[in-house]
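A.B. asks: fold the following, please.
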Amino acid sequence: MKQMGMIAMGFYEIYSKIKDTDFDNLLQGITGQQVDRVIGADTVSENGFLALLSPAAGKRLEPMAQKAHNLTVRNFGRVITLYTPMYLSDFCTNECVYCGFNTKNPMRRRTLTIEEVEREGRLIAGTGLRHLLILTGEAPHQAPVEYLAECTRRLRKYFSSVSIEVYPMETAGYRALVAAGVDGMTVYQEVYDPAIYDRLHIKGPKKNYLFRLDAPERACQAGMRTVNLGALLGLADWRREVFALGLHARYLQDKYPDTEISVSFPRIRPAAGQFRPAVEVTDRELVQMILAIRFFLPRAGITISTRERPELRDNLIRLGVTKMSAGSCTEVGGRLDGEGHERQSDGDGHEGQFEISDTRSVAEMKAAILQHGYQPVSKDWLVI
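C.D. replies: From the prediction side, this is the model:
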């Protein structure tokens with residue numbers, strides 16, 4: 001608990017001032033005319049951001065979409081950066097009720113050897129992608145910092161960018177990975193509401209809410225080039241969660257201007273354990289939150305993963321998204337197993353952390369992006 005008091009109070013101090021707000025009454029009181037004024041404004045305040053998340057704004061998605069499109073093109077051009085995830089290990093020490101890697105779930109677990117990591121990296125590089133996201137479960141003893149650093153050194157031979165989505169660590173751990181070649185970090189707070197967070201994380205290090213909340217800032221302090229945030233949609237009221245997410249992202253943008261801050265909008269997908277979301281988040285609501293974030297954070301990257309189905313992802317291309325995954329696999333060694341190795345299911349039909357909805361190949365994703373008048377980018381300085 002000692003380290004969390006140093007900087008976790010940074011954003012938590014902001015969040016603690018709004019977490020007990022009566023959002024329902026505030027949101028219901030926002031009128032269409034108020035929303036129109038926000039849409040027409042040059043900049044968006046916190047109150048304006050909240051207005052864009054209101055039910056009244058949900059009736060004005062078309063003008064919001066037009067302006068969000070213009071803002072995105074102005075700041076990012078007509079390009080979509082492509083990346084793919086690569087799972088190194090599915091061991092986990094946490095008991096999170098919604099996750100396929102839950103330590104209580106009966107499944108055969110695996111950590112790739114360094115040689116297997118490099119072999120799968122070569123296979124992915126063969127698709128033309130040069131942005132890689134490496135992931136593990138939250139089990140530092142199975143995938144320690146030294147292991148992640150060596151994996152990164154091997155993978156940087158094939159990729160211009162290697163990012164991590166692993167367990168939260170101290171600033172020194174992030175610095176060691178930056179030195180090894182990691183340039184980006186993703187961490188989902190999962191849920192910002194502390195009471196719901198405590199209820200969903202039954203046991204394990206992840207139960208430490210503040211240590212996780214503080215992880216993006218520690219990564220910024222360690223010199224990460226990009227830091228990506230997200231709330232797992234379906235665990236709590238989406239308007240409150242996205243409002244907190246937006247404030248968190250802007251806090252980091254303002255405090256660490258040299259770090260590129262981006263946000264993701266992962267919706268709960270089926271996984272081992274058969275958890276069902278407490279709150280349904282519709283496609284229309286997903287669109288609304290993406291548009292609202294684009295207004296509030298014009299320079300923030302927005303990532304949409306293969307959790308979403310192909311038709312929806314294609315429609316989101318023009319609405320503010322800047323980064324998309326392609327050719328995804330949520331199984332450890334899943335691409336290697338495709339070469340002939342047998343892989344056992346966990347018994348529920350979910351072999352990875354969650355079910356993928358968009359199974360298109362990298363080539364198919366590139367074609368879809370081009371069809372919408374955008375250019376797929378495989379690395380920062382080369383447009384395909």
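A.B. asks: how far is stretch 38-58 from where the chain is centred?
C.D. replies: How far stretch 38-58 lies from its chain's middle: 23 Å, per CA atoms, centre = their mean, to the nearest Å.
A.B. asks: helices or strands up against the helix or strand containing Ile196?
C.D. replies: Remark: Ile196 resides in helix 194-200, with elements defined by DSSP states H and E. Applying 3 or more CB pairs under 8 Å, 6 or more residues apart in numbering; DSSP states H and E, one finds that helix 194-200 contacts strand 182-190, helix 209-221. (Each C-beta comes from the backbone N, C-alpha and C, glycine too.)
A.B. asks: using CSV, write out every CA atom in the shortest one.
C.D. replies: Translated: strand 182-190. Only the C-alpha atoms of strand 182-190 are listed here, as CSV (Å, rounded to 0.1, in the frame of the first residue of the first chain):
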residue,chain,number,x,y,z
VAL,A,182,8.5,-1.8,-25.2
ASP,A,183,6.9,1.4,-26.3
GLY,A,184,3.3,1.1,-25.3
MET,A,185,1.1,-0.1,-22.5
THR,A,186,-2.6,-1.0,-22.2
VAL,A,187,-4.4,-1.4,-18.9
TYR,A,188,-8.1,-1.6,-18.3
GLN,A,189,-9.3,-0.4,-14.9
GLU,A,190,-12.2,-2.8,-15.7
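A.B. asks: quick one: it to helix 209-221, angle?
C.D. replies: 160 degrees (axes from the mean of the first three to the mean of the last three CA atoms, to 10 degrees).
A.B. asks: just the mean pLDDT for strand 182-190, thanks.
C.D. replies: For strand 182-190, mean pLDDT rounds to 97.
A.B. asks: neighbouring strands - and their directions - for it?
C.D. replies: strand 161-165 (parallel), strand 226-231 (parallel) (DSSP bridges).
A.B. asks: contacts for the longest one, please.
C.D. replies: In this case it means strand 226-231. 163, 183-192, 216, 219-220, 241-242, 244-245, 248-249, 252, 256, 259-266, 301, 303 (CB atoms under 8 Å, 6 or more residues apart in numbering).
A.B. asks: ChimeraX command to pick out the buried ones of those?
C.D. replies: The buried residues among the contacts of strand 226-231 can be selected in ChimeraX (16 or more other CB atoms under 10 Å) with this line:
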select :163,183,184,185,186,187,188,189,190,191,192,216,219,220,241,242,244,245,248,249,252,256,259,260,261,262,263,264,265,266,301,303
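A.B. asks: all strands in the stretch 1-150 of the chain, in order from the N-terminus.
C.D. replies: Listed in chain order, the strands of the stretch 1-150 of the chain (DSSP state E, counting those that start in this stretch) span 79-89, 95-96, 131-136.
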